[in-house]
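Colleague: sequence plus predicted model, see below.
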Amino acid sequence: MTATKTRTGADAASAPTELTMAGALNAALRDAMAEDDRVVVYGEDVGPLGGVFRVTDGLQERFGDERIWDSPLAESGIVGTAIGMAIYGMRPVVEMQFDAFSYPAFEQIVSHVAKMRNRTKGRVSLPLVVRIPCAGAIGGVEHHSDSSESYWASTPGLTVVMPSNPADAYSMLREAIESDDPVIFMEPKSRYWAKAPLALPVTTAPMDRALVVREGSDVTLIGYGPTVRTALEAADAAAEEGLSIEVVDLRSLSPFDDETVSASVRKTSRAAVIHEAAQFGGFGAEVAARVTERNFYHLAAPVLRITGFDIPYPSPKLEEYHLPTADRVLAALETWEWELA
């Protein structure tokens, strides 16, 4: 999947300005709605309030309550109505508010959203986006800090993406809305306030491609969403000890960019993957399997996983011990037997 349109926006060719990820997502929604009147946005508290994280702030005032509105507190109904709208040619963007709040919509997404094109032999597509604020590190309780990416990534028929920075947030959301197939768009909550100078509209790499965000030679550290920052922090600390870490931002979980990941692993001969979700059955297991299957004779050591623990998400006072950190990354890498040049 690649972007095929030349994007315009309300602030096209604007001068660079500091934008948070939440602000970049807001701008992407605004520009998509201004460009295409088939785009509608709805969910819990996304109207006058502007969403819990203010991602939709000001959009109802600009576009009216027939383009963006508050839904009932019924996630299954939110997605179910989006299916009908998409079938009839609209491009709905719905918000689940928090990661674990998406579970009541699980049946609609897995049984219908993911299968409609296949069920109709390609005659019916569903151009809809399900936005899911996800992951932890915000001091939230368990239902506000889940990492459910493995559920969606293991479901054929869904594109699952997760940006880690404001530029990707804008570009990937625009591309997701333009897609004729359904996209699960996961937004790491702890990155909502990350800032970067952006000149909108910005177009980054296609959303199905991973990116090497730091060059290195000794080990490939694979992250996505909130853990890209952790991986970069680990790479900075390792450099002081003479260890060169290459950091890959997956960006897309499904489809998976084997080409970029394998090219990096074959260069470094070692790989580790980091994510916030529990280790058992987590997405890192799929990454480790794919890396091993495709690059077995290039690997000098087993692929490592640095993850959250195999427990329900802990209370806010304990999450700093649960979430993977740069120190935990470096400790894991020390378990290998190194023969650095």
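Modeller: Here it is on my side, so go on.
Colleague: ok, G136 touching H143?
Modeller: No. Judged on CB atoms under 8 Å, G136 makes no contact with H143 at a distance of 11.4 Å. Backbone N, C-alpha and C define where each C-beta goes, glycine included.
Colleague: these two: who's more crowded?
Modeller: G136 (27 against 12; other CB atoms under 10 Å).
Colleague: which SS state does the more buried one fall under?
Modeller: coil (DSSP: H, G, I helix; E, B strand; the rest coil).
Colleague: what's near enough to touch L19?
Modeller: By CB atoms under 8 Å, 6 or more residues apart in numbering, L19 lies in contact with 27, 166, 170, 195-198, 200.
Colleague: now swap in W69 and tell me
Modeller: 42, 46-47, 60.
Colleague: next, it: phi, psi?
Modeller: W69 adopts backbone torsions of phi -150, psi 160, taken as degrees, to the nearest 10.
Colleague: now do E175
Modeller: phi -70, psi -40.
Colleague: got the buried residues for the lowest-mean-pLDDT helix or strand in the chain?
Modeller: Scoring the helices and strands of the chain by mean pLDDT, DSSP states H and E places helix 319-322 at the bottom, with a mean of 87. Residues 319, 322 are the ones in helix 319-322 that count as buried (16 or more other CB atoms under 10 Å).
Colleague: residues in contact with that helix?
Modeller: 136-137, 139, 145, 308-309, 311, 313-314.
Colleague: among those, which one has the lowest pLDDT?
Modeller: In this model, the minimum pLDDT among those belongs to G139 (74).
Colleague: and for it, nearest residue in space, chain neighbours not counted?
Modeller: Nearest in space to G139, with sequence neighbours left out and distances taken as CB to CB, 6 or more residues apart in numbering, is P316 at 4.3 Å.
Colleague: wait, that neighbour touches G140, no?
Modeller: Yes. Counting by CB under 8 Å, G140 is a contact partner of P316 at 6.7 Å.
Colleague: quick one on the thing from earlier: mind listing which of the contacts of L19 are in helices?
Modeller: 27, 166, 170 (DSSP state H).
Colleague: so which of the contacts of W69 is the most crowded?
Modeller: V46 (27 neighbours).
Colleague: got a list of what that residue touches?
Modeller: Going by CB under 8 Å, 6+ apart, V46 touches 55-56, 59-60, 68-71, 95.
Colleague: which one of those has the most neighbours?
Modeller: E95 (29 neighbours).
Colleague: from what I can see that one touches A105, true?
Modeller: No. Under the criterion of CB under 8 Å, E95 is not in contact with A105, lying 11.2 Å apart.
Colleague: now do the contacts for the closest residue to S315 other than its chain neighbours.
Modeller: Spatial nearest neighbour of S315, excluding adjacent residues (CB to CB, 6+ apart): V141 at 7.0 Å. With contacts defined as CB under 8 Å, 6+ apart, the neighbours of V141 are 313, 315-316.
Colleague: could you dump those residues into a markdown table and include neighbour count?
Modeller: Output for the contacts of V141, formatted as a markdown table (neighbours: other CB atoms under 10 Å):
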| residue | neighbour count |
| --- | --- |
| Y313 | 26 |
| S315 | 12 |
| P316 | 16 |
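Colleague: closest one of these to E259?
Modeller: The closest of the contacts of V141 to E259 turns out to be Y313 (CB to CB; 33.5 Å).
Colleague: the closest one contacts D146, correct?
Modeller: Yes. Counting by CB under 8 Å, D146 is a contact partner of Y313 at 6.2 Å.
Colleague: roughly how far is the helix or strand hosting E293 from the heart of the chain?
Modeller: Using DSSP states H and E, E293 sits in helix 283-295. Distance of helix 283-295 from the chain centroid (CA atoms, centre = their mean, to the nearest Å) equals 19 Å.
Colleague: same question, stretch 296-307
Modeller: Per CA atoms, centre = their mean, the displacement of stretch 296-307 from the mean C-alpha position of its chain is 24 Å.
Colleague: stretch 21-35 too?
Modeller: 16 Å.
Colleague: got the CA positions of that stretch in PDB?
Modeller: C-alpha atoms of stretch 21-35 as PDB (Å, rounded to 0.1, in the frame of the first residue of the first chain):
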ATOM      1  CA  MET A  21       1.600  14.200  17.900                       C
ATOM      2  CA  ALA A  22      -1.900  15.000  19.100                       C
ATOM      3  CA  GLY A  23      -1.800  18.300  17.100                       C
ATOM      4  CA  ALA A  24      -0.500  16.500  14.000                       C
ATOM      5  CA  LEU A  25      -3.400  14.000  14.200                       C
ATOM      6  CA  ASN A  26      -5.800  16.800  14.600                       C
ATOM      7  CA  ALA A  27      -4.400  18.500  11.500                       C
ATOM      8  CA  ALA A  28      -4.600  15.300   9.500                       C
ATOM      9  CA  LEU A  29      -8.200  14.900  10.400                       C
ATOM     10  CA  ARG A  30      -8.900  18.600   9.600                       C
ATOM     11  CA  ASP A  31      -7.200  18.400   6.300                       C
ATOM     12  CA  ALA A  32      -8.800  15.100   5.300                       C
ATOM     13  CA  MET A  33     -12.300  16.500   6.200                       C
ATOM     14  CA  ALA A  34     -11.600  19.700   4.300                       C
ATOM     15  CA  GLU A  35     -10.500  17.800   1.200                       C
END
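Colleague: what mean pLDDT does the helix or strand hosting Y42 get?
Modeller: Per DSSP H and E, Y42 falls inside strand 39-43. Strand 39-43 carries an average pLDDT of 97.
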